[in-house]
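Chemist: need coordinates for the below:
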Amino acid sequence: MLYLCLGLASAHASIRSEYEVKAAFLYNFTRFVTWSPAENNTTPLEVCVFGDDPFGDLLEPLRGRKSQGRELTLRYPDDVAGLTGCDVLFIGQSQSRSLASALDIARQQGMLTVSDLPDFALRGGMVGYVKQGNVIRFEINLEAATDAGLTINSRLLELAVKVLR
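Modeler: Down below sits the predicted model:
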């Protein structure tokens, strides 16, 4: 199923909008990451978009959807202090200057970080979108995820264009 979802998303990136594909990836990332501690599986899984929101209304269908038995919620923090409580943190282009502090908070609080900022995974983010021609792919910084107490399923690692260990 994952191969179908992610394979179709990357294969048809030129047909669908870039951010439709990235939104689909974002949802699928939540299905293949384990947060620690995983004691309370009934609390909502909070997806936060920090900075400019390139998705528009494309993330709205995620609201209320379930991932690993947890209901997805969406939030749009205005500043670094508002990041507390996020489980997934998409960092928009406008937050490039706040990247180090956002990544530090995310690591301390066990958030999955995702962005399309250039070299995001190399700069300490966990999942960085990369564009190869018209195809949207992603890189994973496994060390950053492990440092934050997250476990990334091997099936997702196999689909990454690059895994930093």
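
Chemist: so where's this structure shaky on pLDDT?
Modeler: In the prediction, the chain carries residues with pLDDT under 70 at positions 1-16, 37-40.

Chemist: do that again at 80, thanks
Modeler: Low-confidence segments of the chain, defined by pLDDT under 80: 1-16, 36-41.

Chemist: buried sites along the longest helix along the chain?
Modeler: Secondary structure assigned by DSSP state H gives helix 18-31 as the longest helix of the chain. Residues of helix 18-31 classed as buried: 19-30 (neighbour count, 16 or more other CB atoms under 10 Å). Placement of C-beta: from N, CA and C, glycine included.

Chemist: then stretch 73-91?
Modeler: Of the residues in stretch 73-91, those buried by neighbour count under the rule 16+ other CB under 10 Å are 73-74, 77, 83, 86-91.

Chemist: Ala144: which of the buried residues of helix 18-31 is nearest?
Modeler: Phe29 (13.7 Å; CB to CB).

Chemist: how near is the closest residue to the closest one other than its chain neighbours to Gly69?
Modeler: The spatially closest residue to Phe29, leaving aside those adjacent along the chain, is Val127, at 6.0 Å (CB to CB, 6 or more residues apart in numbering). In this view, Val127 and Gly69 are 22 Å apart by CB to CB, to the nearest Å.

Chemist: these two - which one has more neighbours?
Modeler: The neighbour count for Val127 versus Gly69, taken as other CB atoms under 10 Å, is higher for Val127 (26 against 8).

Chemist: contact partners for that one?
Modeler: With contact taken as CB atoms under 8 Å, 6 or more residues apart in numbering, Val127 is in contact with 29, 112-115, 120-121, 138-141.

Chemist: next: Glu20.
Modeler: When contacts are counted by CB under 8 Å, 6+ apart, Glu20 touches Leu58.

Chemist: can you list contacts of stretch 27-47?
Modeler: Identification of contacts with stretch 27-47 by CB under 8 Å, 6+ apart yields 2, 5-6, 9, 26, 59, 62, 65, 67-75, 85-88, 90, 110, 112, 114, 127, 145, 149-153, 155-156.

Chemist: I'd guess Leu72 is in a strand, am I close?
Modeler: Yes - under DSSP: H, G, I helix; E, B strand; the rest coil, Leu72 sits within a strand.

Chemist: in the chain, which residue is most central in space?
Modeler: Val114 (3.6 Å; CA atoms, centre = their mean).
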